[in-house]
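Undergrad: structure for the following, please:
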Amino acid sequence: MRILGIDPGFERLGIAILEKSKSKKECVIFSECFKTSAKLEFSERLNLIGIEVRRIIKKYKPEILAIETLFLNTNQKTVMRVAEARGVVMYEAAQVGLKIFEATPLQIKIATTGYGRADKTQVMKMIQILVEIEEKKTSDDELDAIATALTAFAHLHF
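TA: Model prediction:
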């Protein structure tokens, strides 16, 4: 079973493909932090996100999209833009029939650390323990995408 994990954003989009390995641990097949330039029109940034997600789906053939839900913050414009980027990702997944799993930040923290108030550092340390990963990842967005995919594995009992 392969899961596409997404940490949504329009400037930086965390992307990860995970699958179960022979050791029963989840294995990171691919991950990246996909960036779009602030110099581009917002609609072009959304288009680039769609193209990249479509490319990843076509290349790695995941069965499930795991995507983080939004939490409200004080900057409503940013929340709206991230929601639109999320919509593009979900649209691309739906076009090829992927099952969609949505996880809240609380669910992700509980699934990765066992503690809902874990901080970013604790989540990142646990990811290094929980998954087989060939290289050390430093991008928060990439690691959040991995954590989101791990949460889907935990909730869907694979």
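Undergrad: sec struct for residue 22, please.
TA: Of the three states, residue 22 takes coil under DSSP: H, G, I helix; E, B strand; the rest coil.
Undergrad: which residue ranges of the protein form strands?
TA: Ranges of strands in the chain, per DSSP state E, are 2-7, 12-20, 26-35, 64-68, 99-103, 131-132.
Undergrad: now those strands in JSON lines, with mean pLDDT and distance to residue 80?
TA: Every C-beta, even on glycine, is put in place using the N, C-alpha and C of the backbone. Output for those, formatted as JSON lines (pLDDT from 0 to 100; distance: least, CB to CB, whole Å):
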{"stretch": "strand 2-7", "mean pLDDT": "98", "distance to residue 80": "17"}
{"stretch": "strand 12-20", "mean pLDDT": "96", "distance to residue 80": "16"}
{"stretch": "strand 26-35", "mean pLDDT": "96", "distance to residue 80": "20"}
{"stretch": "strand 64-68", "mean pLDDT": "97", "distance to residue 80": "16"}
{"stretch": "strand 99-103", "mean pLDDT": "97", "distance to residue 80": "18"}
{"stretch": "strand 131-132", "mean pLDDT": "90", "distance to residue 80": "32"}
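Undergrad: okay, those strands, which one's buried deepest?
TA: strand 2-7 (a mean of 26; mean count of other CB atoms under 10 Å).
Undergrad: can you list contacts of it?
TA: 13-19, 29, 53, 56-57, 60-68, 86, 89, 93, 98, 101, 141-142, 144-150, 152-153 (CB atoms under 8 Å, 6 or more residues apart in numbering).
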